[in-house]
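1. No letters, just coordinates:
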Ligand code: HEM
Ligand SMILES: [Cu+2]
């Protein structure tokens, strides 16, 4: 028995050596069609940054329209061409196109691909002690499908009929009928094609992440010793694997309705005074299918950000994460519950009130694991030796947004209140705080924290602080007032509200929000400078700049293909041994065996240490 | 002490011995299951919504189902032959499996013409459209299965499939049986819910 085991181990080691040998690669294979997870992660990051600038830019333009409806936008004509009329007015249909693209870009391209794609790829092998992903080739495909999907979506923005314009949720009949609005023509077709490639990319990536976590953990890396980042990425990938195929089903039926004349989502429609032949379909069916993905999707967006935050907060509080098991438990609970609450997006579709109250109940239960997470972050921070790195600040910012945005979720989760608030700016405020800003802060925290490993150089801290404070304050100034506008009843996705007397008292508030949005957007250029400049010019990073415990910091300053020059490190303990009583440093990396830390071991760990010694 | 150490080591090695490719295939299968679970739930939701056209499923679907089961049998026979290193039998088995699958394609097509004869069209009441979508999408996945068969066939030609190298054919068999099971599910679902 044990002899065969040893042989297996030998084989594995041999395998590893083999991996290391072939890193003489041409430029194209090293930087473009690379199968190295670190390169692919950076590709996702850079593409995500590109999309974030574009998506943010769009929001500034439509915020101008909302904040200053009388403004002469002639100066945008060089960019937007005919979408600005000669009298300097923004085309109303293009307004809708912009909010649609903004939503699509942010939810899918930035906060799904840009966030999971970057950090799952980067950290899973590095924190688990693997040479690479389970399948480098699938990983490569995953990025290039995303790239293709990006190109298609990008092209759709330059169509003369405009890109998809029915909102990121593309509800039919609006999105199903090309004659309904100009964006539902070619723009919508390209949206669908692009999303098909996007889903393929997400599934390929997800299958790879799950397989890697299950199969390629280094010796000693049990599930109970996995960093919470990996737990979060792992569960996120499972969520994606289970929910994105349902979006395929949803989109497929829409494609058939659009292109082949079926009536899954269409029935008894008059358009332009003409009756359509479609009978027997139901647009509500679309909403069910869409939100079955859509709700898990919002957790696909936030969980990786929460994982990153756990890691950053624990490291920079110099304390073990509070309630490690509870954190895993709440991730699992959130993941499970996220599949059975989708109808809270549909309270006003005329659903049976009894069914509505069941979904209301389930929705409110989700608040419990969410609150557990928020509570654990705060208790981790409590009495810690806080080190305020920019990453730490962004993580704390995330916790703040997650709480203030989550609170409004409780309002919306009540069917009776939601009937009033649905499709108003209150919802916009809710999800921009709890999902948009929180996940965006998680992304930024991740970049600030792992930049030294990614590029071997440090980012500038001062610029990081300025960036943080402008963005943090800016986000609240932008989104907090939207609650009031929403409670007053202002519907989302309207081009203009100046025609309604009821809203005239909000003109100043809207202008204020727009100014805040412009400043917040502007502040991101500080980050861009900090990021790109320091890739080339930054101070050289030490190999473990934050005195962190996880495995990625045991690699050389710039890890090669294969990550560790020698053997893969073994893991002896969990990743959160910070400020352990009795220990000589305030951190003990996962690679340090118990028998070297007699002074700080617990009784149980002393037992383990004996086992270690007899094993070696 | 010694003992626990060995167990410990064992556990770690076991973690690694799950074959990553097979595991990825299973995950892929899970995602296909979700796709069809989504579609069949859509069917139920739509049906409960009313305005639902009732019609009989053509018998041809039953025959085609039996044919597909036959192809799974052939596939399994092929797999067993590969275990025995009878490579010629493997090549034949793959050809037969693929051949039966093509017959299945044709029979699905015939079923569609039967549906048309019953005035059930792709374009029309969703209850009919769903039948076309389910069977069509299943065929699309079957094309993937055929490509997989071709790959395994070529592997066999270059002696890469034998009792010591079963991975490809094992995965192919798994996927093939899955496609068979998937169709049986869809067929029974349609028969029982229509
Ligand atoms: C305390 C937990 C939460 C509850 C009870 C809750 C409840 C709700 C409800 C009822 C709606 C529908 C509002 C409407 O359209 O009328 C909604 C919308 C939304 N929620 Fe939450 N939510 C919670 C947390 C979250 C989290 C953590 C995220 C993301 C990470 C999120 C993202 C969204 C998004 C994106 C929308 C709007 C989608 C759209 O219509 O475009 N929510 N939430
Ligand atoms: Cu939701």
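-> Perfect, thanks for sending it. Bear in mind the structure is a predicted one, so any value in this text is a computation, not a measurement. Ligands and ions are numbered 1, 2, ... in the order given.

2. And the pLDDT at residue 127?
-> I'll assume chain A. According to the prediction, residue A:127 has pLDDT 96.

3. wrong one, chain B
-> 92.

4. which residues does residue 105 contact?
-> Using chain A. A:51-52, A:54-55, A:58, A:153 (CB atoms under 8 Å, 6 or more residues apart in numbering or on different chains). (Each C-beta comes from the backbone N, C-alpha and C, glycine too.)

5. Hmm, no, I was thinking of chain B.
-> B:139, B:142 are the contacts of residue B:105 under CB under 8 Å, 6+ apart.

6. Quick one: mean pLDDT over the helix or strand hosting it.
-> Residue B:105 is part of helix B:87-117 when elements are defined by DSSP states H and E. In this model, helix B:87-117 carries a mean pLDDT of 95.

7. for stretch A:347-363, same thing?
-> Rounded mean pLDDT across stretch A:347-363 is 92.

8. Show residues contacting it.
-> Around stretch A:347-363, the neighbours that count as contacts under CB under 8 Å, 6+ apart are A:284, A:287, A:337, A:340-344, A:409, A:413-415, A:418-419, A:422-423.

9. Just give the closest residue to residue 74, not the sequence neighbours.
-> Unless you meant another one, I'm taking chain A. Nearest non-adjacent residue to residue A:74, counting by CB to CB, 6 or more residues apart in numbering or on different chains: residue A:88, 4.1 Å away.

10. Can you look at chain B instead?
-> Closest residue to residue B:74 apart from its sequence neighbours, by CB to CB, 6+ apart: residue B:97 at 4.4 Å.

11. Quick check, the one you found in contact with residue B:71.
-> Yes - applying CB atoms under 8 Å as the test, residue B:97 and residue B:71 come out as touching, 5.2 Å apart.

12. related to what we said a few turns ago, closest to residue A:301 among the contacts of stretch A:347-363?
-> The closest of the contacts of stretch A:347-363 to residue A:301 turns out to be residue A:409 (CB to CB; 14.3 Å).

13. Which pLDDT value goes with that closest one?
-> Reading off the confidence values, residue A:409 has pLDDT 94.

14. In what element of secondary structure is it found?
-> Residue A:409 is part of helix A:390-413, with elements assigned from DSSP H and E.

15. Identify the residues contacting residue A:61.
-> A:76, A:80, A:90, A:98.

16. tell me the domain ranges of chain A?
-> Following automatic domain parsing, chain A resolves into domains at A:33-281, A:556-616.

17. in chain B, what secondary structure element scores lowest on mean pLDDT?
-> helix B:2-17 (a mean of 39; mean pLDDT, DSSP states H and E).

18. ranges for the helices of chain B?
-> B:2-17, B:20-48, B:60-83, B:87-117, B:126-157, B:167-193 (DSSP state H).

19. would you turn these into TSV with distance to residue A:239?
-> Converted to TSV, the helices of chain B look like this (distance: least, CB to CB, whole Å):
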stretch	distance to residue A:239
helix B:2-17	23
helix B:20-48	11
helix B:60-83	32
helix B:87-117	34
helix B:126-157	23
helix B:167-193	22
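
20. Which part of the stretch 501-616 of chain A gets nearest to chain B, residue-wise?
-> As assessed by CB to the nearest CB, chain B sits closest to residue A:615 within the stretch 501-616 of chain A, at 3.9 Å.

21. Return the distance of that residue relative to residue A:609.
-> 11 Å (CB to CB, to the nearest Å).

22. and what of residue A:90?
-> 68 Å.

23. circling back: can you pull the contacts of the residue nearest to residue B:74?
-> So residue B:97 contacts B:71, B:74-75, B:78, B:149, B:176 (CB under 8 Å, 6+ apart).

24. Not counting residues beside it along the chain, what's closest to residue A:403?
-> residue A:374 (5.2 Å).

25. ok now the helix holding residue B:105, how far from the chain's centre?
-> 13 Å (CA atoms, centre = their mean, to the nearest Å).

26. go on, stretch A:125-137?
-> 21 Å.

27. try stretch A:393-407
-> Distance, stretch centre to chain centre, for stretch A:393-407: 15 Å (CA atoms, centre = their mean).

28. and it, which residues are buried?
-> Using 16 or more other CB atoms under 10 Å in any protein chain shown as the test for burial, stretch A:393-407 gives A:393-406.

29. could you dump those residues to CSV with distance to residue A:503 and pLDDT?
-> CSV is the format used below for those (distance: CB to CB, whole Å; pLDDT from 0 to 100):
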residue, distance to residue A:503, pLDDT
A:393, 36, 98
A:394, 34, 98
A:395, 37, 97
A:396, 35, 97
A:397, 31, 97
A:398, 32, 97
A:399, 33, 97
A:400, 29, 97
A:401, 26, 97
A:402, 30, 96
A:403, 29, 96
A:404, 24, 95
A:405, 24, 95
A:406, 27, 94
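
30. Quickly name whichever of these is closest to residue A:275.
-> Using CB to CB, the buried residues of stretch A:393-407 come closest to residue A:275 at residue A:405, 43.8 Å.

31. Need the per-residue pLDDT for the closest residue in space to residue B:112 that isn't next to it in sequence.
-> Of all residues not flanking residue B:112 in the chain, residue B:132 sits nearest, at 6.7 Å (CB to CB, 6+ apart). Looking at residue B:132, its pLDDT reads 96.

32. Quick one: residues contacting residue B:132.
-> Applying CB under 8 Å, 6+ apart, the residues contacting residue B:132 are B:112, B:115, B:122.

33. can you check residue A:415 too?
-> A:344, A:347, A:353, A:356-357, A:359-360.

34. Skipping adjacent residues, who's closest to residue A:334 in space?
-> residue A:369 (4.8 Å).

35. Just give the number of residues close to that neighbour.
-> If you count neighbours by other CB atoms under 10 Å in any protein chain shown, residue A:369 ends up with 21.
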